[in-house]
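>>> pasting the sequence and the predicted model now:
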Amino acid sequence: MTAYPVTEEQAWRWLLAQRAEPGCCPLPGPLAPGAHELLDLYGPVVEAPSITVAQLGQSLDGRIATASGHSHYVTGPEDIERLHRLRALVDAVIVGAGTVVADDPRLTVRKTEGPNPVRVILDPDGRIPADAHVFRHAEVRTLVLHAAGYGPCGLPEHVECLEMPTGDDGRFDPAQIRGRLAEMGLHRLLVEGGGQTVSRFLQADTLDRLHLTIAPMLIGSGRPGVTLPEIDSLDQALRPPCRIFRLGGDTLFDLDLRSKP
């Protein structure tokens, strides 16, 4: 009997099955080229019982938005689909208050087949309006982390508000965020944005992988992507192992922050 190559759609459904029940079923037959690349890109997320992945889409000159915060869309439709696929494969997606205020995202899975992740909103000082998109859909579990004195939240009843301590800068400790979510059974995490939130997780050494998509555009000014403390020598720069994928006209750099170069 002839074994037909596994298609990209079949490979995606297999990834979703593995997410729900690791080791549930083998892949039948050889892989078509699109299926092979799909498994190569998303396999590390599904295979890890616990992982924190961050992602950013930016211009060639390192900007994720204009100075006013406009970012729809820096990267193209293939990268947007990648983002939605990441959402479908993780337990929870994390964003900072600045991203919610600037972009009003839904943080749901719409561009692909798959379940919606738990939405985790970092809002220490309670500045996100109650009518934001992330609070509108009761069927998607939504957590808001806030500092003492800013809760309980004046938000819809289905939104869960959790108080957490903050540092001297008024922000949450990324390691404590991961620990709190792990206690709730949320082990695969996607730090979706914005640049400041991703940078804090990176600086705190709480990321396992970073998906950085570069679009062939020059914004020239605006909001930067990754921002870390100054270094004196390039010997101090991060040089993690990297895999490269083409997403239409964009280029994705998949940085493995847990492996040595």
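Received it, and whenever you're ready, just let me know what you need.

>>> CA atoms for contacts and neighbours, from now on please.
OK.

>>> tell me the contacts of residue 86?
42, 190 (C-alpha atoms under 8 Å, 6 or more residues apart in numbering).

>>> SS state for it?
Following DSSP: H, G, I helix; E, B strand; the rest coil, residue 86 is assigned to helix.

>>> burial measure for residue 12, as a count.
Applying other C-alpha atoms under 10 Å, we find 19 residues neighbouring residue 12.

>>> thought it was touching residue 36?
No - using C-alpha atoms under 8 Å as the test, residue 12 is too far from residue 36 to be in contact (10.4 Å).

>>> so where's the stretch 101-250 of the chain shaky on pLDDT?
Where the stretch 101-250 of the chain drops to pLDDT under 70, the residues are 151-152.

>>> excluding covalently adjacent residues, which one is nearest to residue 115?
residue 88 (5.3 Å; C-alpha to C-alpha, 6 or more residues apart in numbering).

>>> so what's the one you found up against?
Neighbouring residues of residue 88 by C-alpha under 8 Å, 6+ apart: 16, 109, 113, 114, 115, 116, 117.

>>> leaving out sequence neighbours, find the closest residue to residue 67.
Counting by C-alpha to C-alpha, 6+ apart, the residue nearest residue 67 is residue 222, at 3.8 Å.

>>> wait, the one you found sits on residue 62?
No - applying C-alpha under 8 Å as the test, residue 222 and residue 62 come out as separate, 9.2 Å apart.

>>> neighbour count for the two, which is higher?
Between residue 222 and residue 62, residue 62 has the larger neighbour count (other C-alpha under 10 Å), namely 21 against 17.
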